[in-house]
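*Asks:* Predicted model and sequence follow; I will ask about them next.
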Amino acid sequence: MPDGASSHKNILLLIADDLGKNLSCYGSQVSTPNIDALANEGVLFTHAFTSTASCSNSRSVIYTGLHTHQNGQYGLAGKQHHFVIFDHIKTSPTFFHEQGYLTALIGKVHVGPESAYSWEVKHESSTRDVSWVADKAEEVFAQAKKDDKPFFLTVGYIDPHRDMTRSGFGNDATYPDAIKDKVYSPADVKVPEYINNLSETRFEFSEYYRAINRLDQGVGMVLDNLKASGMLDDTLVIFLSDNGPPFLNSKTTLYDAGICLPFIVRHPNQAARGIRNPNMVSYVDIFPTLQDWTNTSYKLTVNAPHAPSKLAGESFLPILEKPDLVSESQWKHHIFGSHTFHESTNYWPTRILRTRRYKYHRNVAWRLDFPFSADLYGSLAWDGIRHSQPKGREDEVMVGSRKLKDYIFRPAEELYDLESDELEVNNLAGDKEFASILLELRTRLEQWQKETLDPWLYRDGVSQRFIQHHLDAGMVVPDRFDLDLGNLRIREE
(Lines give C-alpha, C1' and ligand atoms only; values in the text may rest on other atoms or scores of the structure.)
Protein backbone atom coordinates (compact mmCIF):
# COMPACT_ATOMS: atom_id res chain seq x y z
CA MET A 1 0.00 0.00 0.00
CA PRO A 2 1.48 3.42 -0.94
CA ASP A 3 2.50 5.80 1.84
CA GLY A 4 -0.48 7.74 3.09
CA ALA A 5 -3.03 5.37 1.55
CA SER A 6 -6.16 4.53 3.48
CA SER A 7 -7.82 1.18 3.99
CA HIS A 8 -11.26 2.57 3.12
CA LYS A 9 -13.34 1.43 0.18
CA ASN A 10 -13.89 4.61 -1.76
CA ILE A 11 -16.06 5.30 -4.80
CA LEU A 12 -15.36 7.67 -7.68
CA LEU A 13 -18.19 8.01 -10.17
CA LEU A 14 -17.37 10.01 -13.33
CA ILE A 15 -20.46 10.89 -15.40
CA ALA A 16 -20.14 12.39 -18.88
CA ASP A 17 -23.11 14.23 -20.37
CA ASP A 18 -24.50 13.08 -23.75
CA LEU A 19 -21.45 10.98 -24.62
CA GLY A 20 -21.81 7.97 -26.86
CA LYS A 21 -19.06 5.50 -27.66
CA ASN A 22 -17.08 8.37 -29.15
CA LEU A 23 -13.80 7.39 -27.49
CA SER A 24 -10.68 5.98 -29.09
CA CYS A 25 -10.84 2.94 -26.81
CA TYR A 26 -14.20 2.18 -28.43
CA GLY A 27 -12.78 2.62 -31.93
CA SER A 28 -13.68 6.26 -32.48
CA GLN A 29 -11.40 8.78 -34.18
CA VAL A 30 -11.64 11.10 -31.15
CA SER A 31 -8.41 11.36 -29.16
CA THR A 32 -9.10 10.31 -25.56
CA PRO A 33 -5.77 9.12 -24.12
CA ASN A 34 -6.75 9.52 -20.45
CA ILE A 35 -9.98 7.54 -20.69
CA ASP A 36 -8.11 4.99 -22.81
CA ALA A 37 -5.54 4.67 -20.02
CA LEU A 38 -8.33 4.06 -17.52
CA ALA A 39 -9.68 1.32 -19.78
CA ASN A 40 -6.21 -0.22 -20.01
CA GLU A 41 -6.10 -0.38 -16.22
CA GLY A 42 -9.59 -1.78 -15.84
CA VAL A 43 -12.56 -3.27 -17.65
CA LEU A 44 -14.27 -1.81 -20.69
CA PHE A 45 -17.82 -3.08 -21.14
CA THR A 46 -18.95 -3.33 -24.76
CA HIS A 47 -22.63 -3.89 -23.89
CA ALA A 48 -23.53 -1.48 -21.08
CA PHE A 49 -26.96 0.13 -21.17
CA THR A 50 -28.79 2.93 -19.50
CA SER A 51 -32.48 2.16 -19.28
CA THR A 52 -33.52 5.58 -20.59
CA ALA A 53 -31.76 8.01 -22.92
CA SER A 54 -32.46 11.22 -21.03
CA CYS A 55 -30.25 13.05 -18.54
CA SER A 56 -32.16 13.33 -15.25
CA ASN A 57 -33.94 10.04 -15.77
CA SER A 58 -30.71 8.15 -16.40
CA ARG A 59 -28.98 9.71 -13.40
CA SER A 60 -31.90 8.70 -11.22
CA VAL A 61 -31.42 5.10 -12.35
CA ILE A 62 -27.71 5.32 -11.51
CA TYR A 63 -28.42 6.71 -8.03
CA THR A 64 -31.40 4.51 -7.09
CA GLY A 65 -30.89 1.15 -8.78
CA LEU A 66 -34.47 1.41 -10.03
CA HIS A 67 -36.06 2.09 -13.40
CA THR A 68 -37.73 5.46 -13.91
CA HIS A 69 -41.27 4.13 -13.59
CA GLN A 70 -40.22 2.69 -10.21
CA ASN A 71 -38.37 5.68 -8.78
CA GLY A 72 -40.66 8.42 -10.15
CA GLN A 73 -38.09 10.45 -12.09
CA TYR A 74 -40.12 10.25 -15.29
CA GLY A 75 -38.35 13.15 -17.02
CA LEU A 76 -36.01 16.10 -16.61
CA ALA A 77 -35.69 17.70 -13.19
CA GLY A 78 -34.96 21.29 -14.16
CA LYS A 79 -36.89 24.31 -15.39
CA GLN A 80 -40.65 23.78 -15.75
CA HIS A 81 -40.29 20.01 -16.15
CA HIS A 82 -39.81 19.41 -12.40
CA PHE A 83 -39.73 15.63 -12.34
CA VAL A 84 -38.28 14.16 -9.12
CA ILE A 85 -38.10 10.76 -7.44
CA PHE A 86 -40.75 9.53 -5.00
CA ASP A 87 -40.46 10.46 -1.34
CA HIS A 88 -39.86 6.87 -0.22
CA ILE A 89 -36.90 6.19 -2.54
CA LYS A 90 -33.43 6.14 -1.01
CA THR A 91 -30.51 7.22 -3.20
CA SER A 92 -26.93 6.00 -3.10
CA PRO A 93 -25.58 9.37 -1.82
CA THR A 94 -28.00 9.22 1.10
CA PHE A 95 -27.30 5.53 1.75
CA PHE A 96 -23.53 5.98 1.82
CA HIS A 97 -23.82 9.14 3.90
CA GLU A 98 -25.64 6.97 6.47
CA GLN A 99 -22.76 4.49 6.26
CA GLY A 100 -20.29 7.18 7.34
CA TYR A 101 -19.00 8.16 3.91
CA LEU A 102 -17.98 11.64 2.87
CA THR A 103 -20.46 12.10 0.02
CA ALA A 104 -19.64 14.77 -2.55
CA LEU A 105 -20.86 16.10 -5.89
CA ILE A 106 -18.98 18.34 -8.30
CA GLY A 107 -20.58 19.77 -11.43
CA LYS A 108 -23.94 18.72 -12.82
CA VAL A 109 -26.72 17.56 -10.48
CA HIS A 110 -29.98 17.55 -12.51
CA VAL A 111 -31.94 15.25 -10.19
CA GLY A 112 -34.33 15.92 -7.35
CA PRO A 113 -35.60 16.59 -4.84
CA GLU A 114 -32.57 18.05 -3.11
CA SER A 115 -33.60 16.45 0.19
CA ALA A 116 -33.21 12.95 -1.30
CA TYR A 117 -29.52 13.41 -2.15
CA SER A 118 -27.30 13.74 0.93
CA TRP A 119 -24.17 15.24 -0.58
CA GLU A 120 -22.14 16.56 2.36
CA VAL A 121 -19.97 18.51 -0.08
CA LYS A 122 -21.78 19.96 -3.10
CA HIS A 123 -20.13 22.14 -5.73
CA GLU A 124 -22.95 22.39 -8.26
CA SER A 125 -21.76 24.14 -11.38
CA SER A 126 -22.34 24.35 -15.13
CA THR A 127 -18.70 25.14 -15.84
CA ARG A 128 -16.77 23.28 -18.51
CA ASP A 129 -13.50 24.28 -16.89
CA VAL A 130 -12.34 20.75 -16.12
CA SER A 131 -9.28 22.02 -14.26
CA TRP A 132 -11.58 23.71 -11.71
CA VAL A 133 -13.48 20.45 -11.39
CA ALA A 134 -10.23 18.59 -10.76
CA ASP A 135 -9.19 21.13 -8.12
CA LYS A 136 -12.48 20.61 -6.28
CA ALA A 137 -12.00 16.84 -6.49
CA GLU A 138 -8.54 17.26 -4.96
CA GLU A 139 -10.17 19.11 -2.06
CA VAL A 140 -12.60 16.23 -1.52
CA PHE A 141 -9.75 13.70 -1.48
CA ALA A 142 -7.87 15.85 1.04
CA GLN A 143 -10.92 16.23 3.27
CA ALA A 144 -11.56 12.46 3.24
CA LYS A 145 -7.95 11.82 4.32
CA LYS A 146 -8.09 14.53 6.99
CA ASP A 147 -11.36 13.14 8.41
CA ASP A 148 -10.21 9.53 7.94
CA LYS A 149 -13.46 8.71 6.16
CA PRO A 150 -14.20 6.79 2.98
CA PHE A 151 -15.53 8.96 0.17
CA PHE A 152 -18.21 8.64 -2.47
CA LEU A 153 -17.50 11.36 -5.02
CA THR A 154 -19.61 11.96 -8.11
CA VAL A 155 -18.19 14.21 -10.82
CA GLY A 156 -20.93 15.37 -13.18
CA TYR A 157 -19.24 16.78 -16.24
CA ILE A 158 -21.13 19.19 -18.50
CA ASP A 159 -19.15 18.06 -21.55
CA PRO A 160 -19.92 17.05 -24.20
CA HIS A 161 -23.52 18.33 -23.92
CA ARG A 162 -24.61 21.04 -26.37
CA ASP A 163 -24.54 24.62 -25.15
CA MET A 164 -27.44 27.03 -25.65
CA THR A 165 -26.45 27.93 -29.22
CA ARG A 166 -27.64 26.02 -32.27
CA SER A 167 -24.44 24.12 -32.91
CA GLY A 168 -22.09 24.85 -30.01
CA PHE A 169 -20.52 22.60 -27.43
CA GLY A 170 -18.86 25.14 -25.15
CA ASN A 171 -15.73 25.41 -27.24
CA ASP A 172 -15.78 29.20 -27.63
CA ALA A 173 -15.39 29.86 -23.91
CA THR A 174 -12.07 30.96 -22.43
CA TYR A 175 -10.26 28.21 -20.51
CA PRO A 176 -7.07 28.10 -18.41
CA ASP A 177 -3.82 27.28 -20.19
CA ALA A 178 -3.85 23.82 -18.61
CA ILE A 179 -6.73 22.87 -20.94
CA LYS A 180 -5.61 22.29 -24.50
CA ASP A 181 -7.99 22.71 -27.42
CA LYS A 182 -7.84 19.94 -30.02
CA VAL A 183 -9.57 21.05 -33.20
CA TYR A 184 -11.15 18.61 -35.65
CA SER A 185 -11.73 19.48 -39.27
CA PRO A 186 -15.32 18.84 -40.40
CA ALA A 187 -13.93 17.46 -43.65
CA ASP A 188 -12.12 14.72 -41.76
CA VAL A 189 -14.93 13.79 -39.38
CA LYS A 190 -16.44 10.33 -39.71
CA VAL A 191 -20.16 10.69 -39.05
CA PRO A 192 -21.79 7.67 -37.33
CA GLU A 193 -24.11 5.61 -39.50
CA TYR A 194 -27.19 6.34 -37.42
CA ILE A 195 -27.23 9.98 -38.61
CA ASN A 196 -26.93 11.72 -41.99
CA ASN A 197 -23.53 12.59 -43.41
CA LEU A 198 -24.20 16.26 -44.18
CA SER A 199 -22.11 19.42 -43.88
CA GLU A 200 -24.15 20.40 -40.83
CA THR A 201 -23.63 17.11 -39.02
CA ARG A 202 -19.92 17.01 -39.91
CA PHE A 203 -19.51 20.48 -38.45
CA GLU A 204 -21.44 19.65 -35.29
CA PHE A 205 -19.52 16.41 -34.75
CA SER A 206 -16.23 18.30 -35.16
CA GLU A 207 -17.36 20.61 -32.34
CA TYR A 208 -18.68 17.67 -30.32
CA TYR A 209 -15.32 15.92 -30.59
CA ARG A 210 -13.52 19.03 -29.28
CA ALA A 211 -15.72 18.89 -26.18
CA ILE A 212 -15.02 15.17 -25.74
CA ASN A 213 -11.29 15.83 -25.82
CA ARG A 214 -11.73 18.48 -23.11
CA LEU A 215 -13.73 15.95 -21.05
CA ASP A 216 -10.89 13.45 -21.47
CA GLN A 217 -8.38 15.96 -20.13
CA GLY A 218 -10.61 16.54 -17.12
CA VAL A 219 -10.84 12.82 -16.38
CA GLY A 220 -7.05 12.61 -16.52
CA MET A 221 -6.69 15.52 -14.09
CA VAL A 222 -9.07 13.98 -11.54
CA LEU A 223 -7.37 10.59 -11.76
CA ASP A 224 -3.94 12.21 -11.37
CA ASN A 225 -5.17 13.95 -8.21
CA LEU A 226 -6.62 10.68 -6.91
CA LYS A 227 -3.30 8.93 -7.48
CA ALA A 228 -1.40 11.75 -5.80
CA SER A 229 -3.67 11.44 -2.77
CA GLY A 230 -2.51 7.86 -2.27
CA MET A 231 -6.08 6.53 -2.41
CA LEU A 232 -6.23 5.19 -5.99
CA ASP A 233 -5.74 1.61 -4.82
CA ASP A 234 -8.60 1.95 -2.33
CA THR A 235 -11.06 3.35 -4.87
CA LEU A 236 -13.53 1.79 -7.25
CA VAL A 237 -13.61 4.06 -10.31
CA ILE A 238 -16.54 4.01 -12.74
CA PHE A 239 -16.65 6.13 -15.88
CA LEU A 240 -19.89 6.30 -17.87
CA SER A 241 -22.27 8.56 -19.76
CA ASP A 242 -25.88 9.38 -18.94
CA ASN A 243 -27.19 8.91 -22.50
CA GLY A 244 -26.11 8.88 -26.11
CA PRO A 245 -25.03 11.72 -28.41
CA PRO A 246 -27.33 14.74 -28.92
CA PHE A 247 -28.48 13.77 -32.39
CA LEU A 248 -31.60 12.19 -33.86
CA ASN A 249 -31.82 8.39 -33.68
CA SER A 250 -29.85 8.59 -30.44
CA LYS A 251 -30.66 10.88 -27.49
CA THR A 252 -34.24 10.49 -26.15
CA THR A 253 -34.71 7.23 -28.10
CA LEU A 254 -34.27 3.68 -26.85
CA TYR A 255 -32.37 2.67 -29.97
CA ASP A 256 -28.90 1.36 -29.14
CA ALA A 257 -27.24 4.61 -30.26
CA GLY A 258 -29.03 6.30 -27.36
CA ILE A 259 -28.63 3.70 -24.62
CA CYS A 260 -25.60 1.46 -25.36
CA LEU A 261 -22.91 3.60 -23.80
CA PRO A 262 -19.28 3.77 -22.69
CA PHE A 263 -18.78 2.05 -19.35
CA ILE A 264 -15.34 1.56 -17.81
CA VAL A 265 -14.62 0.16 -14.35
CA ARG A 266 -11.30 0.12 -12.52
CA HIS A 267 -11.33 -2.22 -9.53
CA PRO A 268 -8.19 -1.77 -7.38
CA ASN A 269 -7.96 -5.49 -6.56
CA GLN A 270 -8.35 -6.58 -10.14
CA ALA A 271 -5.81 -9.19 -11.18
CA ALA A 272 -6.10 -8.65 -14.93
CA ARG A 273 -6.12 -5.32 -16.71
CA GLY A 274 -7.27 -4.06 -20.09
CA ILE A 275 -10.25 -6.43 -20.31
CA ARG A 276 -13.02 -5.97 -22.87
CA ASN A 277 -16.09 -7.47 -21.24
CA PRO A 278 -18.91 -8.46 -23.66
CA ASN A 279 -21.51 -9.26 -21.00
CA MET A 280 -24.61 -7.07 -20.78
CA VAL A 281 -24.89 -4.75 -17.80
CA SER A 282 -27.53 -2.16 -16.98
CA TYR A 283 -27.33 1.06 -15.01
CA VAL A 284 -29.72 -0.49 -12.47
CA ASP A 285 -26.75 -2.73 -11.58
CA ILE A 286 -24.59 0.18 -10.39
CA PHE A 287 -26.08 0.75 -6.92
CA PRO A 288 -26.00 -2.99 -6.05
CA THR A 289 -22.40 -3.14 -7.27
CA LEU A 290 -21.39 -0.22 -5.03
CA GLN A 291 -22.91 -2.06 -2.08
CA ASP A 292 -21.04 -5.22 -3.02
CA TRP A 293 -17.74 -3.32 -3.28
CA THR A 294 -18.24 -1.68 0.12
CA ASN A 295 -19.66 -4.77 1.86
CA THR A 296 -22.85 -2.93 2.71
CA SER A 297 -26.45 -3.82 2.01
CA TYR A 298 -29.66 -1.95 1.50
CA LYS A 299 -33.05 -3.59 1.31
CA LEU A 300 -36.22 -1.76 0.41
CA THR A 301 -38.57 -1.94 3.37
CA VAL A 302 -41.17 0.70 2.54
CA ASN A 303 -44.68 -0.63 2.89
CA ALA A 304 -46.50 1.33 0.20
CA PRO A 305 -48.74 0.06 -2.60
CA HIS A 306 -46.49 1.48 -5.32
CA ALA A 307 -43.13 0.87 -3.63
CA PRO A 308 -40.75 -1.66 -5.23
CA SER A 309 -39.89 -4.66 -3.10
CA LYS A 310 -36.26 -4.83 -4.27
CA LEU A 311 -33.69 -3.08 -6.39
CA ALA A 312 -33.94 -3.81 -10.09
CA GLY A 313 -30.34 -4.87 -10.69
CA GLU A 314 -27.53 -6.93 -9.23
CA SER A 315 -23.80 -6.54 -8.63
CA PHE A 316 -21.64 -7.11 -11.68
CA LEU A 317 -18.46 -7.60 -9.61
CA PRO A 318 -18.66 -11.43 -9.93
CA ILE A 319 -18.40 -11.14 -13.73
CA LEU A 320 -16.20 -8.03 -13.89
CA GLU A 321 -13.05 -9.72 -15.15
CA LYS A 322 -14.74 -12.02 -17.67
CA PRO A 323 -13.39 -11.47 -21.20
CA ASP A 324 -15.97 -13.89 -22.63
CA LEU A 325 -19.71 -14.38 -22.34
CA VAL A 326 -20.66 -16.20 -19.17
CA SER A 327 -23.46 -18.74 -18.83
CA GLU A 328 -27.08 -17.77 -18.21
CA SER A 329 -26.78 -19.27 -14.74
CA GLN A 330 -24.01 -16.80 -13.90
CA TRP A 331 -25.45 -13.64 -15.43
CA LYS A 332 -28.41 -12.28 -17.39
CA HIS A 333 -28.15 -11.87 -21.13
CA HIS A 334 -30.85 -9.24 -21.49
CA ILE A 335 -31.71 -5.74 -20.29
CA PHE A 336 -34.94 -3.78 -19.88
CA GLY A 337 -35.55 -0.12 -20.60
CA SER A 338 -38.11 2.40 -19.39
CA HIS A 339 -38.58 5.85 -20.94
CA THR A 340 -41.62 8.10 -20.43
CA PHE A 341 -40.62 11.79 -20.75
CA HIS A 342 -37.67 13.93 -21.69
CA GLU A 343 -38.96 17.46 -21.29
CA SER A 344 -42.43 17.74 -19.78
CA THR A 345 -43.83 18.28 -23.27
CA ASN A 346 -41.99 15.23 -24.65
CA TYR A 347 -44.40 12.52 -23.54
CA TRP A 348 -43.67 9.28 -25.36
CA PRO A 349 -43.65 6.22 -23.08
CA THR A 350 -41.68 3.24 -24.35
CA ARG A 351 -40.56 0.01 -22.74
CA ILE A 352 -37.93 -2.30 -24.24
CA LEU A 353 -36.45 -5.74 -23.83
CA ARG A 354 -33.08 -6.29 -25.46
CA THR A 355 -31.44 -9.69 -25.68
CA ARG A 356 -28.10 -10.49 -27.29
CA ARG A 357 -29.80 -10.75 -30.66
CA TYR A 358 -33.24 -9.14 -30.57
CA LYS A 359 -34.69 -5.82 -29.47
CA TYR A 360 -38.39 -5.40 -28.70
CA HIS A 361 -39.96 -1.94 -28.28
CA ARG A 362 -43.45 -1.42 -26.87
CA ASN A 363 -44.50 2.12 -27.79
CA VAL A 364 -47.42 2.85 -25.48
CA ALA A 365 -48.46 6.20 -26.98
CA TRP A 366 -47.69 5.26 -30.57
CA ARG A 367 -50.57 7.37 -31.91
CA LEU A 368 -48.62 10.49 -30.93
CA ASP A 369 -45.81 11.96 -33.04
CA PHE A 370 -42.40 11.12 -31.66
CA PRO A 371 -41.32 14.42 -29.98
CA PHE A 372 -38.26 16.55 -30.53
CA SER A 373 -36.25 17.68 -27.53
CA ALA A 374 -35.42 21.39 -27.63
CA ASP A 375 -31.69 20.92 -28.21
CA LEU A 376 -32.17 18.50 -31.10
CA TYR A 377 -34.88 20.57 -32.78
CA GLY A 378 -32.72 23.68 -32.63
CA SER A 379 -29.63 21.99 -34.02
CA LEU A 380 -28.11 22.71 -37.41
CA ALA A 381 -28.03 18.94 -37.96
CA TRP A 382 -31.84 18.76 -37.90
CA ASP A 383 -32.01 21.86 -40.08
CA GLY A 384 -29.81 20.13 -42.64
CA ILE A 385 -31.79 16.89 -42.47
CA ARG A 386 -35.19 18.52 -42.98
CA HIS A 387 -33.89 20.34 -46.05
CA SER A 388 -31.98 17.40 -47.46
CA GLN A 389 -34.52 16.75 -50.21
CA PRO A 390 -35.87 19.22 -52.79
CA LYS A 391 -39.33 20.74 -52.32
CA GLY A 392 -42.04 18.27 -53.24
CA ARG A 393 -39.96 15.25 -52.21
CA GLU A 394 -40.17 15.67 -48.44
CA ASP A 395 -41.51 12.13 -48.05
CA GLU A 396 -38.04 10.93 -49.09
CA VAL A 397 -36.20 12.67 -46.25
CA MET A 398 -34.07 10.22 -44.27
CA VAL A 399 -32.69 10.23 -40.73
CA GLY A 400 -29.65 8.06 -41.11
CA SER A 401 -30.95 4.86 -42.74
CA ARG A 402 -34.47 5.46 -41.45
CA LYS A 403 -37.19 7.39 -43.25
CA LEU A 404 -38.06 10.58 -41.38
CA LYS A 405 -41.73 9.60 -41.40
CA ASP A 406 -40.79 6.30 -39.70
CA TYR A 407 -38.84 8.25 -37.07
CA ILE A 408 -41.81 10.51 -36.33
CA PHE A 409 -44.65 7.99 -36.76
CA ARG A 410 -43.84 4.74 -34.98
CA PRO A 411 -45.99 1.64 -34.55
CA ALA A 412 -47.17 0.08 -31.31
CA GLU A 413 -44.44 -2.56 -31.50
CA GLU A 414 -40.98 -2.74 -33.00
CA LEU A 415 -38.83 -5.85 -33.29
CA TYR A 416 -35.29 -5.91 -34.64
CA ASP A 417 -32.76 -8.63 -35.37
CA LEU A 418 -29.59 -6.88 -34.23
CA GLU A 419 -27.30 -9.41 -35.89
CA SER A 420 -28.40 -8.23 -39.33
CA ASP A 421 -29.83 -4.81 -38.43
CA GLU A 422 -27.82 -3.11 -35.70
CA LEU A 423 -29.29 0.31 -36.60
CA GLU A 424 -32.83 -0.97 -35.84
CA VAL A 425 -34.39 0.05 -39.14
CA ASN A 426 -36.12 -3.09 -40.48
CA ASN A 427 -39.10 -3.62 -38.18
CA LEU A 428 -40.00 -7.33 -38.02
CA ALA A 429 -43.03 -6.94 -35.73
CA GLY A 430 -45.44 -7.71 -38.57
CA ASP A 431 -43.38 -10.52 -40.11
CA LYS A 432 -45.03 -13.93 -39.68
CA GLU A 433 -41.62 -15.59 -39.62
CA PHE A 434 -40.86 -13.76 -36.36
CA ALA A 435 -44.32 -14.05 -34.79
CA SER A 436 -43.20 -16.50 -32.10
CA ILE A 437 -40.21 -14.33 -31.15
CA LEU A 438 -42.44 -11.27 -30.97
CA LEU A 439 -44.89 -13.07 -28.69
CA GLU A 440 -42.10 -14.38 -26.46
CA LEU A 441 -40.47 -10.97 -26.01
CA ARG A 442 -43.80 -9.20 -25.56
CA THR A 443 -44.77 -11.70 -22.86
CA ARG A 444 -41.43 -11.35 -21.07
CA LEU A 445 -41.64 -7.56 -21.19
CA GLU A 446 -45.17 -7.49 -19.84
CA GLN A 447 -44.24 -9.86 -17.04
CA TRP A 448 -41.40 -7.50 -16.12
CA GLN A 449 -43.85 -4.58 -16.20
CA LYS A 450 -46.12 -6.45 -13.79
CA GLU A 451 -43.25 -7.32 -11.47
CA THR A 452 -41.99 -3.73 -11.40
CA LEU A 453 -45.50 -2.27 -10.93
CA ASP A 454 -45.29 -0.30 -14.16
CA PRO A 455 -48.31 2.03 -14.59
CA TRP A 456 -47.70 1.98 -18.34
CA LEU A 457 -48.81 -1.61 -18.83
CA TYR A 458 -51.86 -0.83 -20.92
CA ARG A 459 -54.94 -2.80 -22.01
CA ASP A 460 -57.77 -1.27 -24.06
CA GLY A 461 -56.05 2.11 -23.76
CA VAL A 462 -56.00 2.21 -19.96
CA SER A 463 -53.38 1.50 -17.27
CA GLN A 464 -53.83 -1.95 -15.78
CA ARG A 465 -52.34 -0.76 -12.52
CA PHE A 466 -54.79 2.06 -11.99
CA ILE A 467 -57.86 -0.10 -12.68
CA GLN A 468 -56.60 -3.09 -10.71
CA HIS A 469 -59.32 -2.67 -8.07
CA HIS A 470 -61.94 -2.98 -10.82
CA LEU A 471 -60.20 -6.04 -12.24
CA ASP A 472 -60.15 -7.59 -8.78
CA ALA A 473 -63.91 -7.00 -8.62
CA GLY A 474 -64.43 -8.95 -11.82
CA MET A 475 -64.36 -6.31 -14.55
CA VAL A 476 -63.31 -7.70 -17.95
CA VAL A 477 -60.97 -5.76 -20.22
CA PRO A 478 -60.23 -6.73 -23.85
CA ASP A 479 -56.81 -8.26 -24.40
CA ARG A 480 -55.53 -5.54 -26.73
CA PHE A 481 -53.27 -2.53 -26.37
CA ASP A 482 -55.61 0.28 -27.41
CA LEU A 483 -59.26 1.25 -27.40
CA ASP A 484 -60.78 0.17 -30.72
CA LEU A 485 -63.65 2.47 -31.68
CA GLY A 486 -64.71 0.02 -34.39
CA ASN A 487 -65.15 -2.70 -31.79
CA LEU A 488 -66.29 -1.32 -28.46
CA ARG A 489 -67.83 -4.54 -27.23
CA ILE A 490 -66.03 -6.33 -24.48
CA ARG A 491 -68.13 -9.47 -24.73
CA GLU A 492 -71.39 -10.56 -26.25
CA GLU A 493 -74.45 -9.85 -24.07
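*Replies:* Okay, I see it.
*Asks:* Return the residues in contact with the closest residue to Ile89 other than its chain neighbours.
*Replies:* Excluding its sequence neighbours, the residue lying closest to Ile89 (Cβ to Cβ, 6 or more residues apart in numbering) is Asn71, at 5.0 Å. Where C-beta positions appear, they are placed from N, C-alpha and C, glycine not excepted. Asn71 makes contact with 60-61, 64, 85-86, 89, according to Cβ atoms under 8 Å, 6 or more residues apart in numbering.
*Asks:* try 10 Å
*Replies:* Taking Cβ atoms under 10 Å, 6 or more residues apart in numbering, we find Asn71 in contact with 57, 60-61, 63-65, 84-86, 88-91, 111, 116, 284, 308, 312, 338.
*Asks:* Filter these down to the buried ones.
*Replies:* 57, 60-61, 63-65, 84-86, 88-91, 111, 116, 284, 308, 312, 338 (16 or more other Cβ atoms under 10 Å).
*Asks:* Filter those residues down to just the ones in helices.
*Replies:* Residues of the buried ones among the contacts of Asn71 located in helices (DSSP state H): 57, 60-61, 63-64.
*Asks:* Could you point out which of the residues you listed is nearest to Val476?
*Replies:* Asn57 (34.7 Å; Cβ to Cβ).
*Asks:* The closest one touches Leu66, doesn't it?
*Replies:* No. When contacts are counted by Cβ atoms under 10 Å, Asn57 is not listed as touching Leu66 (11.2 Å).
*Asks:* Overlap of the contact sets of those two?
*Replies:* 51, 73, 338.
*Asks:* So for the first one, what's the pLDDT?
*Replies:* With respect to pLDDT, Ser51 has a value of 96.
*Asks:* Number of residues surrounding it?
*Replies:* 26 (other Cβ atoms under 10 Å).
*Asks:* How about the secondary structure of it?
*Replies:* Here Ser51 is coil, with the state taken from DSSP: H, G, I helix; E, B strand; the rest coil.
*Asks:* Now do the contacts for it.
*Replies:* Counted by Cβ under 10 Å, 6+ apart, Ser51 has contacts 57-58, 61-62, 66-69, 254, 259, 282-284, 312-313, 335-339, 351-352.
*Asks:* run the last query once more with 8 Å
*Replies:* Ser51 neighbours (Cβ under 8 Å, 6+ apart): 58, 61, 67-68, 259, 282-284, 335-339.
*Asks:* Could you pull out the helices in the stretch 351-493 of the chain for me?
*Replies:* 374-377, 380-386, 404-408, 435-451, 468-472 (DSSP state H, counting those that start in this stretch).
*Asks:* And these: which comes nearest Ala365?
*Replies:* helix 404-408 (13.2 Å).
*Asks:* ok, back up a step: in CSV: the shared contacts of Asn57 and Leu66, plus distance to Pro478.
*Replies:* Below are the shared contacts of Asn57 and Leu66 laid out as CSV (distance: Cβ to Cβ, whole Å):
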residue, distance to Pro478
Ser51, 29
Gln73, 32
Ser338, 25
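*Asks:* Which of those sits closest to Asn249?
*Replies:* Ser51 (18.2 Å).
*Asks:* What score does the nearest residue to the closest one once chain neighbours are set aside have for pLDDT?
*Replies:* Nearest residue to Ser51 in three dimensions, chain neighbours excluded: Gly337, at 4.5 Å (Cβ to Cβ, 6+ apart). On pLDDT, Gly337 comes in at 98.
*Asks:* Tyr360 too?
*Replies:* Confidence score, pLDDT, at Tyr360: 99.
*Asks:* what do you get for Thr301?
*Replies:* So Thr301 comes in at 66 (pLDDT).
*Asks:* Give me the buried positions along the longest helix out of those in the chain.
*Replies:* In the chain, ranked by residue count with DSSP H as the criterion, the top helix is helix 199-229. Of the residues in helix 199-229, 200-223, 225-226, 229 count as buried by neighbour count, 16+ other Cβ under 10 Å.
*Asks:* OK, contacts around Phe263?
*Replies:* 44-45, 48, 238-240, 281.
*Asks:* pLDDT, secondary structure and neighbour count added to those, as JSON lines?
*Replies:* Formatted as JSON lines, the contacts of Phe263 follow (pLDDT from 0 to 100; DSSP: H, G, I helix; E, B strand; the rest coil; neighbours: other Cβ atoms under 10 Å):
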{"residue": "Leu44", "pLDDT": "98", "secondary structure": "strand", "neighbour count": "22"}
{"residue": "Phe45", "pLDDT": "98", "secondary structure": "strand", "neighbour count": "24"}
{"residue": "Ala48", "pLDDT": "98", "secondary structure": "strand", "neighbour count": "26"}
{"residue": "Ile238", "pLDDT": "98", "secondary structure": "strand", "neighbour count": "22"}
{"residue": "Phe239", "pLDDT": "99", "secondary structure": "strand", "neighbour count": "25"}
{"residue": "Leu240", "pLDDT": "98", "secondary structure": "strand", "neighbour count": "21"}
{"residue": "Val281", "pLDDT": "98", "secondary structure": "strand", "neighbour count": "23"}
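*Asks:* Assess the claim that Asn427 and Leu415 are in contact.
*Replies:* Yes. In this structure, Asn427 is within contact of Leu415 by Cβ atoms under 8 Å, at 6.5 Å.
*Asks:* Just want to know which of these two has more residues nearby.
*Replies:* Taking neighbours as other Cβ under 10 Å, Asn427 and Leu415 compare with Leu415 leading, 22 against 17.
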